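Peer 1: From the sequence below, what's the structure:
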Amino acid sequence: PSLALADVAYSLNITRDSFSHRRFILSKSTEDATRELLSAEGNKSQTSVLKVAPNELAFLFPGQGAQYLQMGKALYEHEEVFRQAVDSCAELLVVDLEHDIRKVIFPDSNSEEAENRLKDTRFTQPALFVIEYALAQLWMSWGIKPTLICGHSIGEFVGAHLAGIFGLEDALHLIATRGRLVSELPEGSMLSVRSTAEQLQDLLPDTLSVAAINSDQLCVVAGPDDAIEEFIAVLKVRKIAHRPLATSHAFHSAMMDPVLQSFKEEVEKIELNPPKLPMVSTVTGKWLTEKEATDPHYWTDHLRETVRFSDAMDTIIGLDDPILLEVGPGRALTTLAKQKKKAKTLSVISSLPVPKKGEDSYPDLLNALGQLWLLGLEPDWKAYYGNESRQKLRL
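Peer 2: Residues are numbered from 1 along each chain as shown. Predicted coordinates for the structure are as follows:
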């Protein structure tokens, strides 16, 4: 009982060999850890017997709609790598945003006004980029490094920067410009529809676009408010499940057309490099080619084209035992990936789900780290404990 639990964990992690029988618990106190380790049920403990080491780790970056106030706040306060990444991005964004994005993500108090400001697409897109980029930096500093990348809509810009397609300053400029241009467009609506893409295409009027094909039976349509209202009436008659999405604009629809030329001109000003890491495109659903990555047309059309996340998942699921890690707020992509027919045995882990009342980001993040270890990934424990002064104990 007199031992510091953090020192026990540290000693186990840095002195033990890698075994195939694995078990971990998350605990805040020695008493709680003792109770869990001795209980027959072990409600909090998770176990695995490792048969094969994983070949692939995909970082999945979510898109708009995943954001929430104070996302990653505890990590910003306590993790130097995360904080430095957020601070660097915030300083680079000031020129384009004329705002400190940190005040938008981490307001002094959660209010309706703060909520609405984060929902303003001018801030939503940069805010998501910043948190996803910082979280990726934190994972990689702990030795959890991707072998491939896939991003849903704006999430692909975070992935593209990590793959070396564009520099951080250019990526942030593009995201801020994209958010500003879209925010100046007339507002529109988006609707999630429980249907296959084929069925939907037969029903869809010319006034609406298929904005996303998210899973085998889940699509999103987008367009003007009145056209969406009329389409809802059609879906009700046919008893097709649907749900309006809380968005300000009709992303990935014909309503984006007026800003495509302006965005293309911005993309043409920056240097585009071939990817150094394999990326699965959510525009095509296939591996991103060198030609696409370095073509301003690709990044421009990205704003307008259907998000083919379902096809991208088919490409990833076809790999040998991939592990998927959602690197961003929420668990939207974790949920969508698990809905795939072929995904029954797929390992999909989320990093930062919306925290339970009064809880910070740590329980979910550390649970994700534990699950990755159960699946055979070896964190860099020395780096993980780098900013702590821990004692090595004889156990």
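
Peer 1: All the strands of the stretch 1-150 of the chain, in order from the start?
Peer 2: 21-24, 46-49, 56-61, 148-151 (DSSP state E, counting those that start in this stretch).

Peer 1: Please produce TSV containing these, extended by mean pLDDT, distance to Leu372 and mean neighbour count.
Peer 2: From N, CA and C alone the C-beta is placed, and that goes for glycine too. Below are the strands of the stretch 1-150 of the chain laid out as TSV (pLDDT from 0 to 100; distance: least, C-beta to C-beta, whole Å; neighbours: other C-beta atoms under 10 Å):
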stretch	mean pLDDT	distance to Leu372	mean neighbour count
strand 21-24	92	10	14
strand 46-49	90	11	13
strand 56-61	97	8	25
strand 148-151	98	15	26
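
Peer 1: Looking at those, which is nearest to His249?
Peer 2: His249 lies closest to strand 148-151 among these, at 19.1 Å (C-beta to C-beta).

Peer 1: Who does that closest one pair with, and is each partner parallel or antiparallel?
Peer 2: Strand 148-151 has the following strand partners under DSSP bridges: strand 56-61 (parallel), strand 279-280 (parallel).

Peer 1: which other residues reach it?
Peer 2: 56-63, 156-160, 162-163, 277-280, 282, 312, 316, 319, 322 (C-beta atoms under 8 Å, 6 or more residues apart in numbering).

Peer 1: Please repeat the previous calculation with a cut-off of 6 Å.
Peer 2: Residues outside strand 148-151 that contact it (C-beta atoms under 6 Å, 6 or more residues apart in numbering): Ala58, Phe59, Leu60, Phe61, Val158, Gly159, Ala163, Leu277, Pro278, Met279, Val280, Ala312.

Peer 1: One more: stretch 229-237?
Peer 2: So stretch 229-237 is in contact with His242, going by C-beta under 6 Å, 6+ apart.

Peer 1: ditto for stretch 187-199
Peer 2: 213, 217, 219-225, 228, 240-245, 247-250, 255.

Peer 1: go on, stretch 116-124?
Peer 2: By C-beta under 6 Å, 6+ apart, stretch 116-124 touches Gln64, Gln67, Val104, Gly179, Arg180, Val182, Ser183, Ser248.

Peer 1: hmm, try it at 7 Å
Peer 2: For stretch 116-124, contacts defined as C-beta atoms under 7 Å, 6 or more residues apart in numbering pick out Gln64, Gln67, Leu69, Ile101, Val104, Ala127, Gly179, Arg180, Val182, Ser183, Ser248, His249.

Peer 1: and those residues as CSV, adding neighbour count, distance to Glu305 and pLDDT?
Peer 2: Converted to CSV, the contacts of stretch 116-124 look like this (neighbours: other C-beta atoms under 10 Å; distance: C-beta to C-beta, whole Å; pLDDT from 0 to 100):
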residue, neighbour count, distance to Glu305, pLDDT
Gln64, 23, 15, 90
Gln67, 22, 22, 92
Leu69, 17, 30, 93
Ile101, 24, 27, 98
Val104, 22, 28, 97
Ala127, 28, 23, 97
Gly179, 24, 18, 95
Arg180, 19, 20, 96
Val182, 22, 15, 95
Ser183, 17, 20, 94
Ser248, 19, 20, 85
His249, 20, 16, 92
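
Peer 1: before we move on, back to that, now, which of the contacts of strand 148-151 sits nearest Thr306?
Peer 2: The closest of the contacts of strand 148-151, once distances to Thr306 are taken by C-beta to C-beta, is Ala312, at 11.6 Å.

Peer 1: Please work out the average pLDDT along the helix or strand hosting the closest one.
Peer 2: Element membership for Ala312, per DSSP states H and E: helix 309-317. On average, the pLDDT along helix 309-317 is 95.

Peer 1: and the helix or strand just after it, which strands flank it?
Peer 2: Next helix or strand after helix 309-317 toward the C-terminus (DSSP H and E): strand 322-329. When sheet partners are counted by DSSP bridges, strand 322-329 sits next to strand 56-61 (parallel), strand 347-352 (parallel).

Peer 1: who wins for proximity to Asp17 among those strands?
Peer 2: strand 56-61 (21.9 Å).

Peer 1: which outside residues touch that closest one?
Peer 2: 132, 136, 146-152, 155-156, 158-159, 316, 319-320, 322-328, 333, 377.

Peer 1: So Val221 lies in a strand, does it not?
Peer 2: Yes - using DSSP: H, G, I helix; E, B strand; the rest coil, the assignment for Val221 is a strand.

Peer 1: where's it relative to Gln201, distance?
Peer 2: 10 Å (C-beta to C-beta, to the nearest Å).

Peer 1: For those two, indicate the residue with more neighbours.
Peer 2: Val221 (28 against 11; other C-beta atoms under 10 Å).

Peer 1: can you pull the pLDDT of that one?
Peer 2: 97.

Peer 1: residues contacting it?
Peer 2: Leu191, Val193, Leu200, Leu204, Leu208, Ser209, Val210, Ala211, Phe231.

Peer 1: does the second one have beta-bridge partners, and which?
Peer 2: This points to Val193. Beta-bridge partners of Val193, as defined by DSSP bridges: Cys219, His242.

Peer 1: For it, the count of nearby residues, please.
Peer 2: Val193 has 23 neighbours, counted by other C-beta under 10 Å.

Peer 1: Now do the phi/psi pair for Gln67.
Peer 2: phi -70, psi 150 (degrees, to the nearest 10).

Peer 1: Pretty sure it sits against Val130.
Peer 2: No - Gln67 lies out of contact with Val130 (C-beta atoms under 7 Å); the separation is 10.5 Å.

Peer 1: Run through the chain and note the low-pLDDT ranges.
Peer 2: 42-43 (pLDDT under 70).

Peer 1: Longest helix of it, counting residues only.
Peer 2: helix 121-141 (DSSP state H).

Peer 1: How far away from the center of its chain is that one?
Peer 2: Centre-to-centre, helix 121-141 and its host chain are 9 Å apart (C-alpha atoms, centre = their mean, to the nearest Å).
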